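Colleague: I would like the atomic coordinates for the input below:
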Amino acid sequence: MMKIAQYLDSTYLKTPEQSGISSEETLQIDKELAQEAIDHGIFAVMIRPDYVAEIKKYIQERHSNVAVGTVIGFHEGTYPVDEKLAEASKAIADGADELDFVINYNAYLKGDLALVKDEFVKCTELVLQNQKVAKWIIEIAALTDAQIADITKNISDWSTENFSENDLSNIFVKSSTGFYQTEGGKPNGATFEGIKIMLDNAGKLPVKAAGGVRTPEDAEKMISMGVKRIGTSSALNLIKNESSSGGY
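Modeller: Coordinates of the predicted model:
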C-alpha cells in the first residue's frame, strides 16, 4: 500500500454562509482538520484565508510542520489582479505557506491572454519572493481538452520565461476548485483524462489533482501518473483505505 498522506492537501473551503454554520464553528472544523493532519502525517491543510492566522498558530503550538495552504480569488477567479495581490499579501502575512490562485479562466476563454499572463506573473512573483508555493487552478471542467493543454502550456512557458529553474518546483498547475457547477452529472474536479493532459503540457511544473479523488485506488493512480499533490476533503478516508461518496 502506497503511503499517500505526504501527497495530500486536506481541504475545507466552505464559507460559514455556504455551510450554514458560524465562523466559530468553521474555525473548529479547521482545527480538527489540522489535528488530523498532524496525527496522520498529512502534508498540508487547505482552508479559507480568514482562518489562516489561527490555524498557523494552532499548528505551531503543537510543534508540527504541517503546511498551511489557502485559496486566492476563490472560486470564480475573476477578481482583478490588485485584489488577488492584496488577498495573497495578507495570507502570507498571516502565515500561509502555499497559495492556490484561481486563474482568470473566464478572461482566458475570452481570448485575453495578456490579462491572464499579467496576473500570473505578478502573483507568482509575490509568492516566490516570500519563499512560498504558488498553485494555479485552471478549472478543467470549464475547459475543453485543447484549452486544458493550451492554458497549462502557457503557464509552463510563462514560468520558465520569468522565473529561475530553482523556482519551478514551487509553481504548480492545479485542476479544479471543486465549486464549479457542471451540467448533466459531469465531473467538476480532477479526471484521469484531464490530469494526463495537464501532465503532458506542464513541462517542469508539478501538477496538483483536486476534487473527485475519492478512493485510495484513484489517489494511487494519480500519484503513479505523476501528480505531486492531491487536494481532497476526504484525506482521512483515503489514508484509512476507505472510499468517500461525496465532497471535494
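Colleague: how about the strands of this protein, start to end?
Modeller: 8-12, 44-47, 67-72, 98-102, 133-137, 171-174, 207-210, 229-232 (DSSP state E).
Colleague: for Thr26, what are its contacts?
Modeller: Tyr12, Lys14, Thr15, Pro16, Ser19, Arg48, Tyr51 (CB atoms under 8 Å, 6 or more residues apart in numbering). Any C-beta I mention is one placed from the backbone N, CA and C, and that applies to glycine too.
Colleague: what's the distance between it and Leu238?
Modeller: Using CB to CB, to the nearest Å, we find Thr26 at a distance of 23 Å from Leu238.
Colleague: Mind putting the strands of the chain into JSON lines with mean pLDDT?
Modeller: As requested, these are exported to JSON lines (pLDDT from 0 to 100):
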{"stretch": "strand 8-12", "mean pLDDT": "97"}
{"stretch": "strand 44-47", "mean pLDDT": "98"}
{"stretch": "strand 67-72", "mean pLDDT": "98"}
{"stretch": "strand 98-102", "mean pLDDT": "98"}
{"stretch": "strand 133-137", "mean pLDDT": "98"}
{"stretch": "strand 171-174", "mean pLDDT": "98"}
{"stretch": "strand 207-210", "mean pLDDT": "98"}
{"stretch": "strand 229-232", "mean pLDDT": "98"}
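Colleague: To Ala86, which of those strands lies closest?
Modeller: For Ala86, the closest of these is strand 67-72, at 9.6 Å, according to CB to CB.
Colleague: partners of that closest one, with directions?
Modeller: strand 44-47 (parallel), strand 98-102 (parallel) (DSSP bridges).
Colleague: Tell me which of these is the most buried.
Modeller: strand 44-47 (a mean of 28; mean count of other CB atoms under 10 Å).
Colleague: rewinding a little: rebuild the contacts of Thr26 as JSON lines, extending it with neighbour count and distance to Lys90.
Modeller: Formatted as JSON lines, those follow (neighbours: other CB atoms under 10 Å; distance: CB to CB, whole Å):
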{"residue": "Tyr12", "neighbour count": "19", "distance to Lys90": "19"}
{"residue": "Lys14", "neighbour count": "18", "distance to Lys90": "20"}
{"residue": "Thr15", "neighbour count": "12", "distance to Lys90": "17"}
{"residue": "Pro16", "neighbour count": "15", "distance to Lys90": "19"}
{"residue": "Ser19", "neighbour count": "12", "distance to Lys90": "23"}
{"residue": "Arg48", "neighbour count": "18", "distance to Lys90": "12"}
{"residue": "Tyr51", "neighbour count": "23", "distance to Lys90": "12"}
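Colleague: Which members of those are the farthest-apart pair?
Modeller: Longest span within these, CB to CB: Ser19 and Tyr51, 13.0 Å.
Colleague: got the strands paired with strand 67-72 as a markdown table, with distance to Leu113 columns?
Modeller: Output for the strands paired with strand 67-72, formatted as a markdown table (distance: least, CB to CB, whole Å):
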| stretch | distance to Leu113 |
| --- | --- |
| strand 44-47 | 28 |
| strand 98-102 | 16 |
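Colleague: need the contact list for Ala44.
Modeller: Leu8, Asp9, Ser10, Ala37, Val66, Ala67, Val68, Gly69, Asp97, Glu98, Arg229.
Colleague: Mind telling me which residue is nearest the centre of the chain?
Modeller: Asp100 (4.6 Å; CA atoms, centre = their mean).
Colleague: All set, thanks.
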